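> What follows is a protein structure lacking sequence information:
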């Protein structure tokens, strides 16, 4: 099944991991079997998948990337975000290494002046949990993502962008299966942020009627895969060039479209990363049952889920149908019968506060 991380094949062989749902090869209706929902394909909207990932990695010469999951995804039926450096200055796009501007295939968020946060499966899932890269660069501000997966700042006198390096701190209990929980990574920033970057506040308190409770409407942002312009019922294979946002509702875990995803753990990084959900108190399920059909997708993995007040309450993790279909029932994204699952930020209050001493209040 497809992953929520994006896998992008560029002109010079470089593997990009993008957290969200996976997209398929240009002429196909389904993605290669090697692609998963986590860091290489699922939660971004459009991307190009390699049919031979091992050869691509070998050409890259990046040993740590070989352990990375194949994830990708993107926002389906979302709205374009203009001036993202104003509205979502805390949103970040990780690179595959600190030596390149090639996208890792995931999103992230800045949560304090010295820390960021994303999903663990973006750095390896399945049999190689959180094995690399061990450091990354984070692009911030008004960004452009090329079709071959290269990140750059948008042009124009009002555009702002920056890049900071960060070390990866994985949760020690992440076992490679998104559905088992602990799908969270902290990113220790190595340099000072520009003044225009404002860290997102975290929703660290969960309550029966709180902002991460059933029925709450959330905002989800990212560069995950999207619908095709000429065929809205088919998920596009081309990554979006700019950020999108969509509103999704939190559903009860027992809701059929959530229960089916929990039962299989679909859309993490590969088949070895899937399995029946454990630690469901660390997760929340969200989607849309009204029109238009909306979802996060390949390339959106690790991106933030925000509550009505703009606080981050979730991290894109896994979800979608059990196969790799790009259209029809059971497709990798935006099927109301298979919703998305998100890491519940409040479940990791202790982990976050043990490391991050400068959270905004």
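Arrived safely, thanks for sending. This is a predicted model, so every value here is computed, not measured.
> And stretch 352-361, how far out from the chain middle?
Centroid separation for stretch 352-361 versus its chain: 22 Å, with CA atoms, centre = their mean, to the nearest Å.
> Who is the most centrally placed residue in the chain paired with across the strands?
Centroid-nearest residue in the chain: residue 301, 1.2 Å away (criterion: CA atoms, centre = their mean). On the basis of DSSP bridges, residue 301 is bridged to residue 19.
> Do I have it right that it meets residue 316?
Yes - assessed by CB atoms under 8 Å, residue 301 is found in contact with residue 316 at 5.1 Å. Every residue, glycine included, has its C-beta placed from N, CA and C.
> circling back: check the gap between the residue nearest to the centre of the chain and residue 360 for me.
For residue 301, the distance to residue 360 equals 24 Å [CB to CB, to the nearest Å].
> Output the lowest mean pLDDT helix or strand found in this protein.
strand 15-17 (a mean of 27; mean pLDDT, DSSP states H and E).
> I'd like the distance between the residue nearest to the centre of the chain and residue 105.
7 Å.
> can you check residue 277 too?
Look at residue 277 and residue 105: by CB to CB, they are 23 Å apart.
> what do you get for residue 332?
Residue 332 is 14 Å from residue 105, by CB to CB.
> Neighbour count for those two, which is higher?
Set side by side, residue 332 and residue 105 show more neighbours around residue 105, with 45 against 42, by other CB atoms under 10 Å.
> Check the more buried one and give its pLDDT.
Here the pLDDT value assigned to residue 105 is 93.
> That one - that's part of a strand, no?
No - counting by DSSP: H, G, I helix; E, B strand; the rest coil, residue 105 is not part of a strand but coil.
> Quick check: the gap between it and residue 229.
22 Å.
> Repeat that for residue 322.
Distance, residue 322 to residue 229, using CB to CB: 27 Å.
> Of those two, give the one with the bigger neighbour count.
residue 322 (17 against 8).
> How about that one: what's its closest non-neighbour residue?
Distances taken as CB to CB, 6 or more residues apart in numbering place residue 266 nearest to residue 322, at 5.0 Å, with adjacent residues excluded.
> The one you found - how many residues pack around it?
With other CB under 10 Å as criterion, residue 266 counts 29.
> Quick check, pLDDT for residue 54.
Looking at residue 54, the pLDDT reads 33.
> quick one, what contacts residue 142?
Residue 142 is in contact with 83-85, 153-154, 156, 159-161, counting by CB atoms under 8 Å, 6 or more residues apart in numbering.
> Could you tell me which strands sit next to the helix or strand containing residue 152 in the sheet, and their orientation?
Taking DSSP states H and E as the definition, residue 152 sits inside strand 151-153. If you go by DSSP bridges, strand 151-153 pairs up with strand 143-145 (antiparallel).
> Any buried residues in the strand it pairs with, and which?
Buried residues in strand 143-145, defined by neighbour count with 16 or more other CB atoms under 10 Å: 143, 145.
> Tell me which residues are up against that strand.
By CB under 8 Å, 6+ apart, strand 143-145 touches 84, 93, 103, 151-154, 161, 223, 239-243.
> Give the burial count for the closest residue in space to residue 164 that isn't next to it in sequence, as a bare number.
Spatially, and ignoring its direct neighbours in sequence, residue 164 is nearest to residue 191 (5.0 Å; CB to CB, 6+ apart). If you count neighbours by other CB under 10 Å, residue 191 ends up with 11.
> Please, which helix or strand holds residue 191?
Applying DSSP H and E, one finds residue 191 in no helix or strand.
> Going along the chain, name the strands of the stretch 201-350 of the chain.
In the stretch 201-350 of the chain, the strands defined using DSSP state E, counting those that start in this stretch lie at 217-222, 244-251, 283-287, 304-306, 312-319, 340-344.
> Show me the strands paired with the third one, marking each as parallel or antiparallel.
Pointing back at strand 283-287 there. When DSSP bridges is applied, strand 283-287 pairs with strand 244-251 (antiparallel), strand 340-344 (antiparallel).
> orientation of that strand relative to strand 217-222 in degrees?
Strand 283-287 runs at 90 degrees relative to strand 217-222, counting by axes from the mean of the first three to the mean of the last three CA atoms, to 10 degrees.
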